[in-house]
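K.L.:
Everything below, folded, please.
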Amino acid sequence: MELGGGERKRVVVIGGGVAGSLLAKNLQFSADFTLIDQKEYFEIPWASLRTMVEPSFGERSVINHRDYLTNGQIITSGAINITDTEVLTGEGRLIPYDYLVIATGHADSVPKTKTGRLKEYQEDNQKIRSANSILIVGGGPTGVELAGEIATDFPDKKITLVHTGSRLLEFIGPKAANKTLNWFQSRNVEVILEQSVSLNTISESPGSKTYQTSEGQTFHADCHFLCTGKHVGSAWLKETVLKSSLDEFGRLIVDENLRVNGRKNIFAVGDITNIKEIKQGYLAQKQALVAAKNIKLLLAGGRQSKMATYEAHSVLALVSLGRKHGLAQFPYTTWIGRLPGLIKSKDLFVGKTRNQLGLLPQD
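P.N.:
Numbers count the residues shown, from 1 in each chain. Sure, this is the predicted structure:
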């Protein structure tokens, strides 16, 4: 899309996660496009726990940005500042924009390269294989799915899951949470609720570690995995022109068109937004498609009144429990077992996600 004088408009996306990668795929041929991301790859986040028990799974779920972004510039760096017209990267580059999308999700420290990330999964896998007993801290979707993967692939491991809440998966209904608890108990996974574990006071002895809960309960485990929530990736925005557009939780306030509050040419998508819905990957993808449609409209000179709107979605939960089982919560019913497993657990939507990026499902 060209400005007067033949110059193409510039679109910049910050963040190459679930939403940012799909935006990049959809906008790369519509403008002078730039993706700014701290790493060289996009990782399908809901496949990461399978990759811990089966590292080769990561060959499909960890995707170099250049594999799907064939017509844009990729800058492997973080963003540290935004002005009304430019983005400043961590390496000191100023990237001008006409339209900007912020999709930095949650703060996460991961390797820069795909090779480095796959090496981490190999190390996690070895950690699991060499342990007889494993502690998982956190009973949200990440902790539950990791426990399910390990219990399925390594049924002889002693697994303990500790969660501060009164039930597992607190974002869904009590009935679904109870069914998940029963599934774990049938597989000899010990679940400790309404307690926390201090990882700063671990007692180590040859071949084992002793952990203590907030109620004084002690138990042994050879290793642990921390699966609690991550901070929103917006700390870097607090000294920028968008500081007044952050809510009290550090999320960007957006309108129904996914534009940042008070801005005509800056959009935000994914977990960093203040949209009142559960932060799930498939919803971030829906937001990305709405934002891409609106930016294309504006690039073509369309009227703002014609922009697409995004409406918050009610909770639809699909939680994998190993390779064959799963939990599904719909508005009027809850299922657990093989049927939900057929929907998600076998391939974890990796083939579908790759297809959305224009890649072969099995490569």
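
K.L.:
Show me where the stretch 51-200 of the chain has its helices.
P.N.:
Here the stretch 51-200 of the chain has its helices, by DSSP state H, counting those that start in this stretch, at 58-61, 65-68, 114-130, 141-153, 174-185.

K.L.:
pLDDT below threshold where in this protein?
P.N.:
Judged by pLDDT under 70, the chain has its weakly predicted residues at 1-6.

K.L.:
Can you tell me which residue is spatially central in it?
P.N.:
Residue closest to the average C-alpha location in the chain (C-alpha atoms, centre = their mean): residue 45, at 4.8 Å.

K.L.:
In this model residue 21 seems to touch that residue, though I could be wrong.
P.N.:
No. The criterion here is C-beta atoms under 8 Å, and residue 45 misses it with residue 21 at 11.1 Å. From N, CA and C alone the C-beta is placed, and that goes for glycine too.

K.L.:
buried ones in stretch 122-135?
P.N.:
The neighbour-count check on stretch 122-135 (16 or more other C-beta atoms under 10 Å) flags 124-125, 128, 131, 133-135 as buried.

K.L.:
hang on, the earlier thing: run through the residues that contact the residue nearest to the centre of the chain.
P.N.:
17-18, 281 (C-beta atoms under 8 Å, 6 or more residues apart in numbering).

K.L.:
May I see the residues you listed organised as a markdown table, with neighbour count and secondary structure added?
P.N.:
Shown next, in a markdown table, are these (neighbours: other C-beta atoms under 10 Å; DSSP: H, G, I helix; E, B strand; the rest coil):
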| residue | neighbour count | secondary structure |
| --- | --- | --- |
| 17 | 26 | coil |
| 18 | 27 | helix |
| 281 | 19 | helix |
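
K.L.:
Could you provide those residues in CSV, with additional columns for distance to residue 9?
P.N.:
Listed next are these as CSV, based on distance: C-beta to C-beta, whole Å:
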residue, distance to residue 9
17, 24
18, 25
281, 29
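
K.L.:
picking up where we left off before, nearest to residue 204, of the helices of the stretch 51-200 of the chain?
P.N.:
helix 114-130 (15.2 Å; C-beta to C-beta).

K.L.:
How far off centre is the closest one?
P.N.:
Computed by C-alpha atoms, centre = their mean, to the nearest Å, the chain-centroid distance of helix 114-130 equals 19 Å.

K.L.:
do the same with stretch 85-94
P.N.:
Worked out by C-alpha atoms, centre = their mean, stretch 85-94 lies 25 Å from the chain centre.

K.L.:
Pull the residues that contact it.
P.N.:
Contacts for stretch 85-94 (C-beta under 8 Å, 6+ apart): 12, 14, 36, 38, 75, 77-82, 95-97, 100.

K.L.:
Also stretch 230-237?
P.N.:
Stretch 230-237 is contacted from outside by 15, 78-82, 102, 104-108, 243, 246, 249-252, 271-272, using C-beta under 8 Å, 6+ apart.

K.L.:
wait, isn't residue 196 in contact with residue 212?
P.N.:
No. Between residue 196 and residue 212 there is no contact under C-beta under 8 Å: 10.1 Å.

K.L.:
that older thread, looking at the contacts of residue 45, which is nearest residue 168?
P.N.:
Residue 168 lies nearest to residue 281 out of the contacts of residue 45, by C-beta to C-beta, at 19.7 Å.

K.L.:
My guess is that closest one contacts residue 46. True?
P.N.:
Yes. Look at residue 281 against residue 46 with C-beta under 8 Å: they come within range, at 5.7 Å.

K.L.:
which residues do the two both contact?
P.N.:
Here residue 281 and residue 46 share no contacting residue, scored by C-beta under 8 Å, 6+ apart.
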